[in-house]
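# Pasting the sequence and the predicted coordinates here, then a few questions.
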Amino acid sequence: MDRMAVTPKGLKIIIAGLVVMIVGYILMTGGGSDDPQVFNYEMFNFRRLTLAPIVITAGIVTIVYGIMGRTDNKK
């Protein structure tokens, strides 16, 4: 039992998925207003409502592939 459950290539895929998820969360930030009495429609734009959740979901799928997928060529 000296083998790791995740191969080094799988670990690189997991780290790449984490980076993609962080980029998605960065895309979701902003859109606030300095004055709480003023409503800002900028928080409902394409980047925050559509693009960021798609990027975060892609990161989750990448992480799941890194954990569950077969990354070695040995059979």
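Structure received.

# max-length helix in the chain?
helix 8-28 (DSSP state H).

# center of the chain - which residue?
Met21 (1.7 Å; CA atoms, centre = their mean).

# mind checking the backbone torsions on the closest residue to it other than its chain neighbours?
With sequence-adjacent residues excluded and distances taken as CB to CB, 6 or more residues apart in numbering, Met21 is closest to Gly59, at 3.3 Å. Any C-beta I mention is one placed from the backbone N, CA and C, and that applies to glycine too. When read as degrees, to the nearest 10, the backbone of Gly59 gives phi -70, psi -40.

# low pLDDT regions in the chain?
For the chain, the stretches flagged by pLDDT under 70 are 1-2, 71-75.

# which other residues reach stretch 49-66?
6, 10-14, 16-25, 27-28 (CB atoms under 8 Å, 6 or more residues apart in numbering).

# Buried subset of the residues you listed as a ChimeraX selection?
Those of the contacts of stretch 49-66 that count as buried under 16 or more other CB atoms under 10 Å are selected in ChimeraX with:
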select :10,13,14,17,20,21,24,27,28
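
# secondary structure class for the residue of the chain most remote from its centre?
The centre of the chain is farthest from one residue, Gln37, which by CA atoms, centre = their mean lies 32.9 Å away. With DSSP: H, G, I helix; E, B strand; the rest coil as the basis, Gln37 sits in coil.

# That one and Asn45, how far apart?
Distance of Gln37 to Asn45, given as CB to CB, to the nearest Å: 21 Å.

# And for Ile13?
As judged by CB to CB, Ile13 and Asn45 stand 31 Å apart.

# do Ala52 as well
Counting by CB to CB, the separation of Ala52 from Asn45 is 10 Å.

# Lovely, talk soon.
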